[in-house]
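Novice: sequence and predicted structure below; questions after.
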Amino acid sequence: AFEVHAERPSDLRLWVPALDRHQRIFHRAPDLATADKGFASAANRAYLTRGGGHYIHAEKLRHTNAEAAAALARPGRYHDVVDNLRVKEVRVAPGGGTADGARAERFVVCHNPDAAARDAAVRQRLIEHLSGLIDGSDAWPKRQRDEFAGSLRNKPGLRRLVRRTKTGLLRIDRAAAQRESHYDGKWLLRTSDLTLNAEDLAAAYKQLIAVERGWRDCKTSLGLRPVYHHREDRIRAHVQLCWLALLLIRVAETRTGDTWRNLHHELDRMHLVTFATADGRVAQRSALTGDQKTILAALDLPEPPKY
């Protein structure tokens, strides 16, 4: 299900109305609600638990609250769930203490070694890119260096890796890069449910990640935004068509075992060429590649007409 809003409300403001709507429809609070870090707040957690429900939500890794920071810093041994996921469970007292009482918060630290390798590689490329940008900046006038630093204001991934010396010079912040490596491949979950084990909690949150991926695909590959309609019924129809297109994408991915990005790239190589002859114009499809034939066979689709 989805909902269309006239404005762009923050995630924090959507949690309580969503729970109220669930209560009206089902006459009870949800047994378990899963949300990403944008919905995380003490007030939102309390609103759900008052109705008897439980939550699983992600926590910010950077600039986070005391409990989440303590959970990330707590030592412990990971244990493997699947090939690309390890988890460890941590209990943290309110305020980040070590006491394990009735009010202690339950956290699960998840680590994906493959994602950690990707994060490290991306950070290294960012450092190389920044090094090229600030090369020779010592000779720049102060105003130019200030303007460059200001241009990074809306680019947190780059801004975190640059520092200013006492004299205002630009340098790569190696200490910040080392701190960032602590977060590679990690995500942190907080939950009030004491019955699910760490593996179940990670699996439940991965389902939410799949939903979030669907919305990203709608907004990018399927052109959900921007919306140029003004009437509400047309806006809803536009969203519904994008949702149906997303369903077709997921069916194609499931049957072929490949991502839509790769499928789209391969099928986009198929062209219809128009020839002008003395007897008129004729349109002919380009010859199918082996990969295109494989995709069509997996989807149980006939080859497009050649002429």
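Specialist: That came in fine, so what should we check first?

Novice: and the strands in the stretch 1-150 of the chain?
Specialist: Secondary structure of the stretch 1-150 of the chain, counting by DSSP state E, counting those that start in this stretch: strands at 32-35, 54-59, 79-82, 85-92, 105-111.

Novice: got those as TSV, with mean neighbour count columns?
Specialist: The C-beta positions use only the backbone N, C-alpha and C, and glycine is treated the same way. Shown next, in TSV, are the strands of the stretch 1-150 of the chain (neighbours: other C-beta atoms under 10 Å):
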stretch	mean neighbour count
strand 32-35	20
strand 54-59	22
strand 79-82	13
strand 85-92	19
strand 105-111	21
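
Novice: for N154, which of these is the nearest?
Specialist: With C-beta to C-beta as the criterion, N154 lies closest to strand 54-59 of those, at 22.8 Å.

Novice: for the closest one, which strands pair with it and how are they oriented?
Specialist: Take DSSP bridges as the rule and strand 54-59 pairs in its sheet with strand 32-35 (parallel), strand 186-191 (antiparallel).

Novice: adding mean pLDDT, write those strands out as a markdown table.
Specialist: A markdown table is the format used below for the strands paired with strand 54-59 (pLDDT from 0 to 100):
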| stretch | mean pLDDT |
| --- | --- |
| strand 32-35 | 87 |
| strand 186-191 | 91 |
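
Novice: as a markdown table, those strands with distance to K306 would be great.
Specialist: Below are these laid out as a markdown table (distance: least, C-beta to C-beta, whole Å):
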| stretch | distance to K306 |
| --- | --- |
| strand 32-35 | 49 |
| strand 186-191 | 49 |
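
Novice: and the helices in the stretch 1-150 of the chain?
Specialist: 11-26, 42-50, 66-73, 113-134, 142-151 (DSSP state H, counting those that start in this stretch).

Novice: could you export these as JSON lines, including distance to P226 and mean neighbour count?
Specialist: Formatted as JSON lines, the helices of the stretch 1-150 of the chain follow (distance: least, C-beta to C-beta, whole Å; neighbours: other C-beta atoms under 10 Å):
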{"stretch": "helix 11-26", "distance to P226": "20", "mean neighbour count": "14"}
{"stretch": "helix 42-50", "distance to P226": "29", "mean neighbour count": "15"}
{"stretch": "helix 66-73", "distance to P226": "35", "mean neighbour count": "19"}
{"stretch": "helix 113-134", "distance to P226": "28", "mean neighbour count": "14"}
{"stretch": "helix 142-151", "distance to P226": "25", "mean neighbour count": "12"}
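
Novice: among these, which comes closest to G223?
Specialist: Of all those, helix 11-26 sits nearest to G223, with 22.8 Å by C-beta to C-beta.

Novice: would you confirm that V273 contacts Q284?
Specialist: Yes - using C-beta atoms under 8 Å, V273 is in contact with Q284, at 5.6 Å.

Novice: who has more neighbours out of those two?
Specialist: Using other C-beta atoms under 10 Å, the more surrounded residue of V273 and Q284 is Q284, with 13 against 9.

Novice: alright, that wraps it up for me.
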